[in-house]
Each structure stands twice: as C-alpha cells, then as structure tokens.
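Engineer: Build me a model:
(2 chains)
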2 protein chains.
Amino acid sequence: MLDICLLGTGGMLPLPYRALTSLMTRYNGSNILIDCGEGTQNQIRLQGWSFKPIDVICITHFHADHISGLPGLLLTMGNAERTEPLTMIGPSGLKKVVNSLRIIAPELPFEIKFIELEKEKETIEICGLKIEAFKVNHRVTCYGYSLVLNRAGKFEVDKAKALGLPVQYWSILQRGEKITYEGKEYDSSMVMGESRKGLKVTYCTDTRPMDSIIENAKNADLFICEGMYGEDEKITNAKEHKHMMMTEAASLAQKAKVKEMWLTHYSPATARPYEFADKIKSIFPNTVIAKDRMELELKFED
Amino acid sequence: MLDICLLGTGGMLPLPYRALTSLMTRYNGSNILIDCGEGTQNQIRLQGWSFKPIDVICITHFHADHISGLPGLLLTMGNAERTEPLTMIGPSGLKKVVNSLRIIAPELPFEIKFIELEKEKETIEICGLKIEAFKVNHRVTCYGYSLVLNRAGKFEVDKAKALGLPVQYWSILQRGEKITYEGKEYDSSMVMGESRKGLKVTYCTDTRPMDSIIENAKNADLFICEGMYGEDEKITNAKEHKHMMMTEAASLAQKAKVKEMWLTHYSPATARPYEFADKIKSIFPNTVIAKDRMELELKFED
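Structural biologist: Just a heads-up that it's a prediction; the model follows:
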C-alpha cells in the first residue's frame, strides 16, 4: 500500500558503508523523497526504485548532509525523461537554496514548484496523501514530516437501501461526492461507516527532543527518528549540536505510542549503533536499529 | 615519489559500482585533487587517503559530474581540522560557482584562494610542482591539466673542485641558490649536470580530440583520458555531446608518445568498457581500461 525505504542512516557526512539519511516512499504511482544528501541517488539506484515518478521532495533543513545530493538527483531525474512538474517542500528560503545549488544544474526538462514552510505546523495535500510538516528544534530552521494516508469507512449497503437510493448512485457517494436524487441531496456520510484507521509514517531529524514531536508522531505506524549518539556521556554534544540521544528518541516513541521506531542519522563516530540496542529497547521495545535501505510495506489493517 | 589514484571512472552520473571521474595525487605532503563529483569524498575515504592535506583542487569544468561533491568535501576537510588556505583552480567563473554551491557550506575553518583560468594555456607553480592547464573543446569552457615534476641534474663534484670552491658552498649551489666567493659570483649551472627526466601526468576530460591535447600530453608518464564511448556508431553522440571515442583517446596517446594511458569517464550505458580493449590496444598498446581507485606510484628514472 505504502512502500517505505530508508535509503541511508548516516548523519553529518557520507561513509562508504553508510549513506546519508533519506527516506523514499511509493504510493499510488508517486514517489515522495525526504532529504537528499550526497549519494542519495546511488541509494535509489541500488534499491532499484525509479527516478521518474519522484513527484515530491521534502527537505528538513539546509545542512549539506540533507540536501547536497539534490543537483545530481535533479539531473538524473531529467535524464530519466521526467517532464511533469516536481514539488519541493522545505523551510522558508527553499527556492533560494535550490536555485543557488542549480548553478551546476541550470537546465531541467521539468518545472520545480516550491512550497516554503513558515508556520509551526502546515499540512499539504498532495499525491493522494497528507504531508504534515512540523517545526523541530535544530541549529537552523528544521521540519519533521508525517505522511498520512487516511482511510474512509466501509460502504454500508443497508443504509443505502434504507434511503431508497438506486444502485447507480452508490459508487458516486462512495467516492465522497454528493448527489441529488428526486430533489433531495445526499452525501457520503449518509452511506459510509466510520472512517477506519489509516497509515502514518513520521520522519524526524535533526532536532532536540520536544513535546510537539510526541504530538506529531502520535500513533504513527512507523516513526523514523534520529539517534545521533548512543553513549550517555555524549549528551553534552547532543545539546550543543542540537541532536538527540538514541534513548531520547526511544522516550519520544514510547510517549507517542507509535507502533515501531527506526533509529537513523548515526554519528560517523558510531560504527556499531546496534551495541546500544538493549538500552534503547528497555525504553521502547519495538525499536529497530535501522540499516541503509531497510524497507517496509505498510498495509491497511484487516 | 608521486602517488596517483584515479578515484572514479564514471561520466555523467554516479553509479553504485562506478564513481565519478576524479584524480588525486600526493607529492611531498600535499594532495592535489582534480574534479570532485558527487561521491568523491567517499572514494578518498575508501582509498584511505587524508582530507586535511588537500592543498589544491582543480576543476576541469562546471558540469555537475565534475563538481557536485565539492560542498560536502569542503565540509569534510573542515571536520578534518584543516585551517591552511586551499587553492582552487578552474575556468573563469570558478569563484562564483563555488560560492553559489557554498550556500550549504557557508562556514569553513580555512580560506579558499581562487585561480581563474583565462588563457589557452596557463602554468601555475604550487606545492613543489607545475600545474599546466590547457583549454580543451567541450560544450562549456573546459581545461585539461598536466602535473609536471621537474628534476634537476646531478651535482658534479669534479666541476665544483675545478672551480676551487670550498665544500661548505656545494649544497647551497645544489639547492639552486647563488653564492659569492672571493669576490666572484657562482650559480648552480656551474656545478650541476644537465637536468634529468622528471615526471608528468596529464588528465584530460571532457573534450573532443584536439591537436593541442597531443602537444600538452607529450611524453607524459601517464595520460588519463576520457573514453566516453566504445561502439563505433556512437561517434554521432561523441560529436554532439563533445566527448571522445575510446579509439580517439588511443590515437591521441599514440601521437603524444605517452608511456601509458588510462581510459576513464565511461558512459553510464557502458557496463563493460574492457570489451573494447583489443580495438583500443591495436592503436595504443599501453592502454589500461581503468577501474575505480586504480593507483600508481610514479618514480624518477634510475
């Protein structure tokens, strides 16, 4: 239903064995990418996913490890013969940053539409899902993103029959449209059951922990969160550079009651993040110490 | 003496199994890098070479596959605690392009000095060797580079003795300095034999073949040259995109009487460049179908 691939799990700089943190999702023919550091296009290629259907690129913030791969990716999308417009979402100043980087990628066969985020929280409906952007707390303006796929209730045949509506109108109401029949208006709420649980993926890096992250990741099926440092004594670095301890990420996951958390954005100095697994899982058991190109197919319940 | 590593051999876009074309050399404690596409810093790290001693970065031209890795590399050099100035050499407009890319790498602990090339040929003496930049023929202004290491003649003891010079003056003359002894001036030419064969490495991509390349690569110990296409029918593409056939590169190598040629900058569509080896070697036998991170230690003769 919603394909997820965490293309890389590194922070700060790319390593030969660990690419920079970036998330790609596929839903209904559209690919959405969040962050694009140096090497992201290689990870997409390794994964065997396509460049042409990338309809949206969200950028968390303008540090190089989250955007340095953009000019190369845009050119590769052009070489893949994309001509449809691309939407880019990111903090205020996005257009200026992207155009500045495009000094080495000036000619593209597609248009770029920019959505610059200004508020604490903004919701964009695009490609059949909702992208909820929420401001986090880093050294520069930075946003987390939730991808939310709502799910309508079931069509209730009994209700439709009770209203006396001919069958040919049923699918119209099921699609959420209104109809007029024998002078009377009908809408979907009259034939549909309660909306069912949808899907939600929350991606959150780089930031200190905040209550609003708990709010925004609430009940997510998958919470992808930075865990820059594992050793307790690194809390000073975490506070200074405005990053998170792995344990802090686990605490957020536990409070947000997410189903599963994937840790990412490890410090280059952390060669073996799985060494901290026990400590993190004692706070939030359903933690995965994610690796590059880990993937998941999220499906609606039942 | 002069360590050479061809960090990547790809053209146009990075592939998981083939990094973008870039050359790194080490001489006398200084590293010189030519070109820096996306992923170049990973190749340097894989090779185990250091970031801090990169004293010079030469850029052939401003297409993304030759410069897109620059912001990340500069930041990584900063993280490696480089504080000495870095010299960058490239076509006119270099400072503007680099500063535009630095929108995501604005703060560096070292200064960048720019040398912008204007003429057909320019020679820069730096880090104990000569960098000869020569204009080639691509869709945008593009330069090839030769790194030239001259070698002085032998000190001739008989000559020094015949001049009646006390031993303490010999090393001064050997260093190339002048002395005055008993009212008379002496210079190194009076005690040194004829200068000996030095070392020369010529790096040439992206371009159509030209006579001036033959002139500039003349007698090189190593000629690293693009060979974008192998199949004869690709000559139309080569002409249109201003690149070279592998056979054209071999022809240049043969005419320039170089010792050895390494082919590089293969088209992403060419998965097996070694398939063209026989054809190329029939023109220039000492051709190497180079692979990523191929290295060589060039030494003075005898």
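
Engineer: which bits of the stretch 1-150 of chain A sit near chain B?
Structural biologist: Contacts of the stretch 1-150 of chain A with chain B, taken as CB under 8 Å from any CB of the partner chain, map to A:12-16, A:37-39, A:41-42, A:45-46, A:62-65, A:67-69, A:71-72, A:75-76, A:79, A:96-97, A:100-101, A:103-105. Heads up, the C-betas are built off the backbone N, CA and C, glycines and all.

Engineer: A:Ile124 versus the residue lying closest to A:Asn216 once chain neighbours are set aside, what's the distance?
Structural biologist: The spatially closest residue to A:Asn216, leaving aside those adjacent along the chain, is A:Phe134, at 4.4 Å (CB to CB, 6 or more residues apart in numbering or on different chains). Going from A:Phe134 to A:Ile124 by CB to CB, to the nearest Å gives 12 Å.

Engineer: Comparing those two, which residue is more hemmed in?
Structural biologist: Higher neighbour count among A:Phe134 and A:Ile124: A:Phe134, with 22 against 17, using other CB atoms under 10 Å in any protein chain shown.

Engineer: So which of the residues of the stretch 1-150 of chain A next to chain B belong to strands?
Structural biologist: Among the residues of the stretch 1-150 of chain A next to chain B, DSSP state E puts none in strands.

Engineer: I'd like to know which of these are buried.
Structural biologist: Buried residues within those, counting neighbours by 16 or more other CB atoms under 10 Å in any protein chain shown: A:12-15, A:37-39, A:41-42, A:45-46, A:62-65, A:67-69, A:71-72, A:75-76, A:97, A:100-101, A:103-105.

Engineer: so A:Val148 bridges to which residues?
Structural biologist: A:Val148 forms beta bridges with A:Lys130, A:Lys200, as assigned by DSSP bridges.

Engineer: residue contacts, it?
Structural biologist: A:129-132, A:198-200 (CB atoms under 8 Å, 6 or more residues apart in numbering or on different chains).

Engineer: Confirm A:Ala277 sits in a helix?
Structural biologist: Yes. Applying DSSP: H, G, I helix; E, B strand; the rest coil, one finds A:Ala277 inside a helix.

Engineer: Please report how far it lies from chain B.
Structural biologist: 26 Å (CB to the nearest CB, to the nearest Å).

Engineer: What sits closest to that residue if chain neighbours are left out?
Structural biologist: In space, and not counting its chain neighbours, A:Ala277 is closest to A:Ile289: 5.4 Å by CB to CB, 6+ apart.

Engineer: Quick check: that neighbour touching A:Arg272?
Structural biologist: No. Assessed by CB atoms under 8 Å, A:Ile289 is found out of contact with A:Arg272, at 9.3 Å.

Engineer: For A:Tyr145, which three-state class applies?
Structural biologist: Of the three states, A:Tyr145 takes strand under three-state DSSP.

Engineer: neighbours around it, how many?
Structural biologist: 26.

Engineer: ok, it - contacts?
Structural biologist: Counted by CB under 8 Å, 6+ apart, A:Tyr145 has contacts A:34, A:58, A:60, A:89, A:131-134, A:202-204.

Engineer: Please, where are all the helices along the stretch 201-302 of chain A?
Structural biologist: With DSSP state H, counting those that start in this stretch, the ranges of helices along the stretch 201-302 of chain A come out as A:211-217, A:235-241, A:246-255, A:277-281.

Engineer: looking at the ones you listed, which is buried most?
Structural biologist: Among the helices of the stretch 201-302 of chain A, helix A:246-255 has the highest mean neighbour count (mean count of other CB atoms under 10 Å in any protein chain shown), at a mean of 23.

Engineer: quick one: average pLDDT of that one?
Structural biologist: For helix A:246-255, mean pLDDT rounds to 98.

Engineer: Nearest to chain B: which residue in the stretch 151-300 of chain A?
Structural biologist: Ranked by CB to the nearest CB, the top residue of the stretch 151-300 of chain A for proximity to chain B is A:Pro268, at 8.6 Å.

Engineer: For A:Leu2, list each beta-bridge partner.
Structural biologist: Assessed by DSSP bridges, A:Leu2 has beta-bridge partners A:Leu298.

Engineer: That one: neighbouring residues, count only.
Structural biologist: Neighbour tally, A:Leu2, other CB under 10 Å: 22.

Engineer: give the contact list for it.
Structural biologist: Per CB under 8 Å, 6+ apart, neighbours of A:Leu2: A:25-27, A:147, A:149, A:199, A:201, A:297-299.

Engineer: Now do it against B:Glu275, distance only.
Structural biologist: A:Leu2 sits 42 Å away from B:Glu275, going by CB to CB.

Engineer: same question, A:Leu222
Structural biologist: 45 Å.

Engineer: got it, and A:Lys95?
Structural biologist: Taken as CB to CB, the span from A:Lys95 to B:Glu275 is 45 Å.

Engineer: higher neighbour count, these two?
Structural biologist: A:Lys95 (15 against 12).

Engineer: if we can go back for a sec, what's the local residue count around the residue nearest to A:Ala277?
Structural biologist: A:Ile289 has 22 nearby residues by other CB under 10 Å.
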